[in-house]
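Undergrad: with the sequence up front, the predicted model follows.
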Number of protein chains: 2
Amino acid sequence: MKPATPAQVRIVEVGPRDGLQNEKALVATADKIALIDRLSATGLQSIEATSFVSPKWVPQLADAAEVYAGIARRPGVHYPVLVPNEKGYERAREVGVEEIAVFTAASEAFNRRNINAGIDESLQRFAPVMARAREDGVRVRGYVSTVLGCPYQGEVPLADVVRVAVALHRMGCYEVSLGDTIGVGTPGKARAMFRAVAAEVPAAALAVHFHDTYGQALANILACLEEGGAVVDAAVSGTGGCPYAKGASGNVATEDVVYMLRGMGVETGIDLDALAGTGRWLAALLGRDSGSKVAKALAAS
Amino acid sequence: MKPATPAQVRIVEVGPRDGLQNEKALVATADKIALIDRLSATGLQSIEATSFVSPKWVPQLADAAEVYAGIARRPGVHYPVLVPNEKGYERAREVGVEEIAVFTAASEAFNRRNINAGIDESLQRFAPVMARAREDGVRVRGYVSTVLGCPYQGEVPLADVVRVAVALHRMGCYEVSLGDTIGVGTPGKARAMFRAVAAEVPAAALAVHFHDTYGQALANILACLEEGGAVVDAAVSGTGGCPYAKGASGNVATEDVVYMLRGMGVETGIDLDALAGTGRWLAALLGRDSGSKVAKALAAS
């Protein structure tokens, strides 16, 4: 039997935030703005623009307000920004942000190590942000990280992934992105994870977010598409690396995802050549090789 | 519905032949022998050792006889070698080869350009080699190249892929390897191709051979496993490059395939750590980065 795959997939471009956040080379504010504007010209409908976490933690994105204020907002394109708490929410709103993303991990150990709080407490911390977003008509996306493994506790129980995803959806996230933060997942586990979550949260409200640390991202995405997934996070040029494995690959490259989907007859609305050109421009800016095999092959052929 | 995947997969390691053949750095005979012996110690059951094509065409493998004579043959491990014609067959037999591989393309244009013969004529040229192999009790593997696209004619009709695969199987090949030579395939097309061939040749007599030029190899392999495929060609460290796209990726890395299968609970009998170590040793020898994301991540973590 041929597994069904969706007719359309929406890509959420996370390069300007999740990608750059883990790149060493500091990128100028004007270049970040140019990156986002180039990306919005490719047909992408969702571009995560920056992060309003404390500049102490992510120096690369200390210019969040300037970047957001500088981009040429294209009608129909969403520009979510990461927001950790009410303070971040206020900073984001001051520059007119209309969509935010909140985040927590499915791993107890990861949460305790990163924010000194368990899963439940981390969820409670979002409550005031969610309430204000609701009042302000701001859309909220939710991230669940470490869904297929944790650098501290190893295995992450499926039940914890489901519980966190359900909680974020119930709190008002229109979409919950399931993230294999350290890229250890393989297709059988990705499929089982997506299926377990989709039994409790509508598949249409789920996104998948894979890192290519072990080269498994496209295969994992394929498995999730076959389970009804239709939203995929990706970063142009595969930026990001992995803070838990120096020298390893980062986010799955948007170019490679779009190439796969186009070959499968799945519509994304994205101009692959323009996207690949933007990826090569970014790689040159960062002084590194493109993390996209498609970008390299297109440049070579 | 969860697609079925096989309980066991056999990996055919093609690095010493298909990988090295397209690497620029000349590798010393002793190092080739060391590579094959290291590979056979990892649990691999099939290792394509070299090629008895004319040294004029593949200088890297001009030492085929010395390499084959030098390897420490491990009981239970098969060491096929590529053979283009009767002359190559004789050279191979002189050093005691017990398994050979023959090759042709599913693309008319590719065959005409490479061997100045159409598909049918190329098949006829194997007849004498197949007859002698049968007499000598030599096993024959068959390669069909360009199954998902051709650098000269573009699209390759599925019917041609099926026809060539059926012909090789009928001529006596115990296994027919279906190769996406230029790595352009995507999972929907790979699945349809495998299914079409498996309707005419038993799936147990088929192997899949993907190049990672566009990063699609693991996703394509996954799709074929779901269709009953249980033999996968791969090259340690992802060697090989693509003669039609300089700078692009080569064969799918064996390490990445084994990591995926292990994560899916599919048995390969291969020691991943030993394999990754061999891949890193080879990459150092070639003076290049490993083409395996798994090898890089394991080294970094």
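TA: Nice, thanks for sending it over.

Undergrad: what is the neighbour count of the residue lying closest to A:Tyr79 once chain neighbours are set aside?
TA: Closest residue in space to A:Tyr79, ignoring its immediate chain neighbours: A:Ala49 at 4.4 Å, by Cβ to Cβ, 6 or more residues apart in numbering or on different chains. Any C-beta I mention is one placed from the backbone N, CA and C, and that applies to glycine too. A:Ala49 sits with 29 neighbouring residues when counted by other Cβ atoms under 10 Å in any protein chain shown.

Undergrad: does A:Leu178 really touch A:Val147, like I thought?
TA: Yes. Distance between A:Leu178 and A:Val147: 4.8 Å, which falls inside the contact criterion (Cβ atoms under 8 Å).

Undergrad: which of these two has more neighbours?
TA: Residue environment comparison for A:Leu178 versus A:Val147 gives the larger neighbour count to A:Val147, 31 against 28, counting by other Cβ under 10 Å.

Undergrad: next SSE after the helix or strand of chain A with the lowest mean pLDDT?
TA: Of all the helices and strands that make up chain A, helix A:108-115 has the lowest average by mean pLDDT, DSSP states H and E, namely a mean of 91. Past helix A:108-115, further along toward the C-terminus, the next helix or strand under DSSP states H and E is helix A:119-136.

Undergrad: report the inter-axis angle for that following helix versus helix A:108-115.
TA: Per axes from the mean of the first three to the mean of the last three Cα atoms, to 10 degrees, the angle that helix A:119-136 makes with helix A:108-115 is 60 degrees.

Undergrad: buried sites along helix A:119-136?
TA: If you call a residue buried by 16 or more other Cβ atoms under 10 Å in any protein chain shown, then helix A:119-136 has these buried ones: A:119, A:122-123, A:125-126, A:129-130, A:133.

Undergrad: could those go into TSV alongside distance to chain B and pLDDT?
TA: Output for the buried residues of helix A:119-136, formatted as TSV (distance: Cβ to the nearest Cβ, whole Å; pLDDT from 0 to 100):
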residue	distance to chain B	pLDDT
A:Ile119	25	93
A:Ser122	25	90
A:Leu123	29	93
A:Arg125	30	89
A:Phe126	31	90
A:Val129	34	97
A:Met130	35	96
A:Ala133	36	98
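
Undergrad: which of those residues lies closest to B:Leu61?
TA: Ranking the buried residues of helix A:119-136 by separation from B:Leu61, with Cβ to Cβ as the measure, puts A:Ile119 on top at 56.3 Å.

Undergrad: measure stretch A:201-220 end to end?
TA: Distances were taken as Cα to Cα, to the nearest Å; on that basis the terminal residues of stretch A:201-220 are 19 Å apart.

Undergrad: check stretch A:90-110 too.
TA: So stretch A:90-110: terminal residues 26 Å apart, Cα to Cα.

Undergrad: touching chain B at all, that stretch?
TA: No. Contact between stretch A:90-110 and chain B, assessed by Cβ under 8 Å from any Cβ of the partner chain, is absent, since the two come no nearer than 15.9 Å.

Undergrad: tell me how far that stretch lies from the chain's centre.
TA: Taking Cα atoms, centre = their mean, to the nearest Å, the mean C-alpha location of stretch A:90-110 is offset from the chain mean by 12 Å.

Undergrad: got the buried residues for that stretch?
TA: The neighbour-count criterion (16+ other Cβ under 10 Å) identifies A:91-93, A:95, A:97-110 as the buried residues of stretch A:90-110.

Undergrad: the stretch 151-300 of chain A: strands as residue ranges?
TA: Using DSSP state E, counting those that start in this stretch, the strands found in the stretch 151-300 of chain A span residues A:175-180, A:206-210, A:231-234.

Undergrad: may I have the strands that pair with the longest one, each with its orientation?
TA: Listed by DSSP bridges, the sheet partners of strand A:175-180 and their directions read strand A:139-145 (parallel), strand A:206-210 (parallel).

Undergrad: any chance of the ones you listed in TSV, with distance to B:Asp18, mean neighbour count and mean pLDDT too?
TA: Converted to TSV, the strands paired with strand A:175-180 look like this (distance: least, Cβ to Cβ, whole Å; neighbours: other Cβ atoms under 10 Å in any protein chain shown; pLDDT from 0 to 100):
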stretch	distance to B:Asp18	mean neighbour count	mean pLDDT
strand A:139-145	39	24	97
strand A:206-210	28	25	98
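
Undergrad: looking at those, which is closest to B:Gly19?
TA: Of all those, it is strand A:206-210 that lies closest to B:Gly19, at 26.9 Å by Cβ to Cβ.

Undergrad: what's that closest one in contact with?
TA: Strand A:206-210 has contacts (Cβ atoms under 8 Å, 6 or more residues apart in numbering or on different chains) with A:12, A:14, A:141, A:143, A:165, A:175-180, A:183, A:185, A:190, A:194, A:197-198, A:216-217, A:220-221, A:224, A:229, A:231-233, A:251-252.

Undergrad: who touches stretch A:29-45?
TA: Looking at what lies outside stretch A:29-45 - Cβ under 8 Å, 6+ apart - the contacts are A:10-11, A:13, A:15-16, A:20, A:27, A:47, A:49-50, A:63, A:66-67, A:70-72, A:74, A:76-79, A:236, A:268-271, A:274-275, A:278, A:281-282, A:285.

Undergrad: now it: buried residues?
TA: Judged by neighbour count (16+ other Cβ under 10 Å), stretch A:29-45 contains these buried residues: A:31-40, A:42-45.

Undergrad: kindly report the same for stretch A:110-118.
TA: Across stretch A:110-118, burial judged by 16+ other Cβ under 10 Å covers A:110-112, A:114-115.

Undergrad: distance between that stretch and the chain's centre?
TA: Averaging C-alpha positions (Cα atoms, centre = their mean) puts stretch A:110-118 20 Å from its chain's average.

Undergrad: ditto for stretch A:15-23
TA: Per Cα atoms, centre = their mean, the displacement of stretch A:15-23 from the mean C-alpha position of its chain is 10 Å.

Undergrad: what secondary structure does A:Ser54 sit in?
TA: coil (DSSP: H, G, I helix; E, B strand; the rest coil).

Undergrad: please name the residues that touch it.
TA: Applying Cβ under 8 Å, 6+ apart as the definition, the contact partners of A:Ser54 turn out to be A:84, A:88.

Undergrad: try 10 Å this time
TA: Residues counted as contacts of A:Ser54 (Cβ atoms under 10 Å, 6 or more residues apart in numbering or on different chains) are A:61-62, A:84-85, A:87-88, A:91.

Undergrad: ok so, going back, now the strands paired with strand A:175-180 in a markdown table, please, with extra columns for distance to B:Ala295.
TA: Listed next are the strands paired with strand A:175-180 as a markdown table, based on distance: least, Cβ to Cβ, whole Å:
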| stretch | distance to B:Ala295 |
| --- | --- |
| strand A:139-145 | 25 |
| strand A:206-210 | 19 |
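
Undergrad: report pLDDT for A:Gly116.
TA: For the record, residue A:116 is Asn, not Gly. As summarised for this prediction, A:Asn116 has a pLDDT of 89.

Undergrad: and the residue nearest to A:Ala297 when sequence neighbours are not counted, how many residues sit next to it?
TA: Setting aside the residues directly before and after it, A:Ala297 is nearest to B:Ala248 in space (Cβ to Cβ, 6+ apart), at 4.4 Å. B:Ala248 is surrounded by 25 other residues when neighbours are defined as other Cβ under 10 Å.

Undergrad: do A:Pro202 as well
TA: Here the count is done by other Cβ under 10 Å, and A:Pro202 has 10 residues near it.

Undergrad: I'd guessed it sits against A:Gly228; true?
TA: Yes. Because the distance of 9.1 Å satisfies Cβ atoms under 10 Å, A:Pro202 is recorded as touching A:Gly228.

Undergrad: the buried residues of stretch A:29-45 in helices, which ones?
TA: When DSSP state H is applied, these are split such that A:31-40 fall in helices.
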